[in-house]
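Participant: Give me coordinates for this.
(one chain, ligands or ions: 1)
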Amino acid sequence: MDAIRTWGLTKNYGRRTALRGIDLSVPAGPVCGYLGPNGAGKTTTIRLLVGLLRPTSGAAAVFGHDTVRDRERAQRLVGYLPGEFVAYPDLTAGRYLEHLGRLRGGADPSAVARLAERLDLDLTARIGTLSHGNRQKVGIVQAFAHDPPLLILDEPTAGLDPIAQREFLAMVREARDRGRTVFLSSHVLSEVEAVADRVAMLSQGRLLVTEAVDKLKSRAQRRIDLIFDTDPPEEPLRAVPEVRSCTVAGRAVHLMVEGSTARLLQVAAPHRVVSVVTHEPDLEEIFVNYYSREVPQP
Ligand SMILES: Nc1ncnc2c1ncn2[C@@H]1O[C@H](COP(=O)(O)OP(=O)(O)OP(=O)(O)O)[C@@H](O)[C@H]1O
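Facilitator: Now for the predicted structure:
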């Protein structure tokens, strides 16, 4: 069963359409990144998924529970981090998390302590006195503390320092390894790339693509540098179907290759290659290509 499923999910704010008929399917298990530029509709989708907004039309379900008709049951399965995390400013972080734990039927206090320690969060500080990044940590701890089957996290690393970011990404991977599903929004590709198995890309309220990160990468162009011991075999290299561009500089050849590099390496091998440097494909480029194909809506 899908952890998240939406059918023609549409949301208007007055005359403004924020989401246009989204059909999203997130299988239980992998980490799914939800990517899109500012204003694309990520927060709107997430608020619909956690039952804080009602769709204008269409529907959404969490593990098969409709987020409007069966809201409470759906919500019980979700740990949610809002984009702007706010909590009672007069309570200490520890008291607030204890209170939430009781509301949720007794979350394990040692889980809260462990998560706080990992993120270097002072549980004795009053929430109102915390910096933005430390408040964000309180939000992360409350989302993870009861170890829900689905984590829905809106821009989770916003405001976190690099050490807390790294710890957070490790927590996401561990949740995945325990069989939890994580759906996290971001407009920062590198953080999604670091942790997500799949990505869904949104632009102007429309879903452009949902794809496994590996598959996207296999379609990406990859930069390869070959250094030869003699003059490079330029023409045979150019003739390899996957080669998109080829620049020769002395005994070095700089290539852009789309898809498999097997045929290229076969052609190069008999020509005394002394060095092969492969650069990781750049997802950024794929995203820019998708977004630049977008036709603005009237
Ligand atoms: N309460 C609201 N009233 C009117 N318009 C809204 C409201 N909330 C969002 N919008 C509009 O809906 C669109 C989608 O906004 P949303 O916040 O979902 O995007 P986002 O992808 O989360 O953006 P960001 O990355 O900037 O947080 C935007 O055009 C935004 O201006």
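Participant: Would you pull up the residue in the stretch 151-298 of the chain closest to the ligand?
Facilitator: residue 187 (5.1 Å; C-beta to the nearest ligand atom). (Glycine included, C-beta is placed from N, CA and C.)
Participant: pretty sure that residue contacts residue 39?
Facilitator: No. Using C-beta atoms under 8 Å, residue 187 is not in contact with residue 39, being 9.8 Å away.
Participant: Between those two, which is the more surrounded one?
Facilitator: Neighbours were counted for residue 187 and for residue 39 using other C-beta atoms under 10 Å; residue 187 has more, 16 against 13.
Participant: What distance do you get for the spatially closest residue to the more buried one that is not a sequence neighbour to the ligand?
Facilitator: Nearest non-adjacent residue to residue 187, counting by C-beta to C-beta, 6 or more residues apart in numbering: residue 37, 5.9 Å away. Distance of residue 37 to the ligand, computed by C-beta to the nearest ligand atom, to the nearest Å: 7 Å.
Participant: Point out the residues in the stretch 101-250 of the chain that sit beside the ligand.
Facilitator: residue 187 (C-beta under 6 Å from any ligand atom).
Participant: show me where the stretch 101-250 of the chain has strands.
Facilitator: Here the stretch 101-250 of the chain has its strands, by DSSP state E, counting those that start in this stretch, at 150-154, 181-186, 198-203, 206-212, 221-228, 243-249.
Participant: Mean pLDDT and mean neighbour count for these - can I get that in a markdown table?
Facilitator: As requested, the strands of the stretch 101-250 of the chain are exported to a markdown table (pLDDT from 0 to 100; neighbours: other C-beta atoms under 10 Å):
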| stretch | mean pLDDT | mean neighbour count |
| --- | --- | --- |
| strand 150-154 | 97 | 25 |
| strand 181-186 | 95 | 25 |
| strand 198-203 | 91 | 22 |
| strand 206-212 | 89 | 17 |
| strand 221-228 | 90 | 18 |
| strand 243-249 | 95 | 14 |
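Participant: and these as TSV, adding distance to residue 76?
Facilitator: Converted to TSV, the strands of the stretch 101-250 of the chain look like this (distance: least, C-beta to C-beta, whole Å):
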stretch	distance to residue 76
strand 150-154	10
strand 181-186	15
strand 198-203	24
strand 206-212	26
strand 221-228	44
strand 243-249	50
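Participant: what's the closest of those to residue 56?
Facilitator: Proximity to residue 56 (C-beta to C-beta) singles out strand 206-212 among the strands of the stretch 101-250 of the chain, at 14.8 Å.
Participant: which strands and helices sit next to the closest one?
Facilitator: Of the remaining helices and strands, those touching strand 206-212 by 3 or more C-beta pairs under 8 Å, 6 or more residues apart in numbering; DSSP states H and E are strand 16-22, strand 198-203, helix 283-292.
Participant: Pull the contacting residues for residue 63.
Facilitator: Applying C-beta atoms under 8 Å, 6 or more residues apart in numbering, we find residue 63 in contact with 1-3, 28, 74, 77, 149-150.
Participant: how about stretch 49-60 against the ligand, any contact?
Facilitator: No. Contact of stretch 49-60 with the ligand (C-beta under 6 Å from any ligand atom) is absent, the minimum separation being 8.8 Å.
Participant: Name the residues of that stretch that are buried.
Facilitator: By neighbour count on 16 or more other C-beta atoms under 10 Å, the buried set for stretch 49-60 is 49-51, 53, 55, 58-60.
Participant: now what about it, what contacts it?
Facilitator: Contacts for stretch 49-60 (C-beta under 8 Å, 6+ apart): 4-12, 21-22, 44, 47-48, 62, 66-68, 71, 74-75, 78, 80, 152, 183.
Participant: Perfect, I'm done here.
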